Every structure is written in structure tokens, then in C-alpha cells.
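In: okay, predicted coordinates and the sequence, questions at the end:
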Amino acid sequence: MTDNPDTPHLLDRERRTWLISSGIAGVVGIAATAIPFAASFAPSARARATGAAVPVDIATLPPGGILTAEWRGKPVWVVHRTSEMIASLQGQESMLADPASSRDQQPEYARNPLRSIRPQILVTVGIISFEILLYLVFIKTLPVLHGDAAHR
């Protein structure tokens, strides 16, 4: 080591250059790692399509008719209610779990007695209990299959 007064100044500049370049390399490395890592948290196209809206044409759905579509792997029933169907709902509030539609799962536009934007159109996800399924199959369907019109 020499006693040259310029040497410490040269070493400081060299150190500063290495510090800056290693800092830039570190930032680039962190960004190269963090961007794909953060992007991996975004849902895939398949997952986005699973929860996306399902287009259903109800223009040809006759009154009293039912249309089934699939959404998130579950059946969705679209029913074109007749005026008789709507009238039969009066006085059935005691059978409902949430008659006032006050639970958060109910969208704002469906917080009404008919739970729909248009009274004649009902859209519901087809999740039913086993007891209801048995009722529909054995009480409602079988007599119809055997010609008993009284159970329709």
C-alpha cells in the first residue's frame, strides 16, 4: 500500500460503483422473482370462467316453463312464473328461512317478496336437500308417470 493521497479516493469510487451495480442487480432479481409470484395469486382463466355469468335466452321460455343451465358445476333453474304461480306464493312466508330477505347473501335487487327483478322470472341455484329430492321424485314425478293427474 502506498501513501498516495489519490488512492483512497479511487477505492471509494470503485466501491460505490460495485455497491450501486450490486444494488441494481438485487432490485432486478427481486422484481424478476416477485412479479411471477404475485401473478400466481390471480385466478386462472378457467377459474374466472367458472364464476362468470352464463348467458341464457329466456325469450322463448313459455309461461310455466323451466330452463336449466349450469353455473359453477351446479344446475341453475330459470322459471317463467305464471300469474297463478305468483298468486300461490301469498301466505307462504312462514315456510321461508328468511322471509324479509335480510341476509347478506340476497342481492339488493332481489330483496322483495318474489326475490326477483321481474316478478314473472325466477332464477335459482338448484341446491336441494335429500328430503326435497325424494319428495319431488316419489310424490310428484311417479304419479305423473303412472297417469295420475291429481298429483300434478
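Out: That came through, no problem.

In: quick one, strands of the chain?
Out: With DSSP state E as the definition, the chain shows strands at residue ranges 66-71, 74-80, 121-125.

In: where does this structure dip in pLDDT?
Out: 1-11, 51, 130-131, 133-152 (pLDDT under 70).

In: looking at it, which helix is longest?
Out: helix 7-39 (DSSP state H).

In: off-centre distance for that one?
Out: Its chain's C-alpha centre and that of helix 7-39 lie 44 Å apart, by C-alpha atoms, centre = their mean, to the nearest Å.

In: elements contacting that helix?
Out: With contacts defined as 3 or more C-beta pairs under 8 Å, 6 or more residues apart in numbering; DSSP states H and E, helix 7-39 has no helix or strand neighbours. (C-beta placed from N, C-alpha, C; glycine too.)

In: report the buried residues of that helix.
Out: Of the residues in helix 7-39, none count as buried by neighbour count, 16 or more other C-beta atoms under 10 Å.

In: and the strands of the chain as TSV, adding distance to S102 and mean neighbour count?
Out: Converted to TSV, the strands of the chain look like this (distance: least, C-beta to C-beta, whole Å; neighbours: other C-beta atoms under 10 Å):
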stretch	distance to S102	mean neighbour count
strand 66-71	25	13
strand 74-80	23	15
strand 121-125	18	15
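
In: JSON lines please, covering the ones you listed and showing distance to V28.
Out: Formatted as JSON lines, the entries for the strands of the chain read as follows, by distance: least, C-beta to C-beta, whole Å:
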{"stretch": "strand 66-71", "distance to V28": "44"}
{"stretch": "strand 74-80", "distance to V28": "46"}
{"stretch": "strand 121-125", "distance to V28": "48"}
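
In: how about the ones you listed, which one is nearest R13?
Out: Nearest to R13, of all these, is strand 66-71, at 65.6 Å by C-beta to C-beta.

In: so that closest one versus strand 74-80, what angle?
Out: Compare the direction of strand 66-71 with that of strand 74-80 by axes from the mean of the first three to the mean of the last three C-alpha atoms, to 10 degrees and you get 150 degrees.

In: so what touches strand 66-71?
Out: Among residues not part of strand 66-71, those counted as contacts by C-beta atoms under 8 Å, 6 or more residues apart in numbering are V54, V56, I58, L61, P75, V76, W77, V78, V79, H80, V125, G126.
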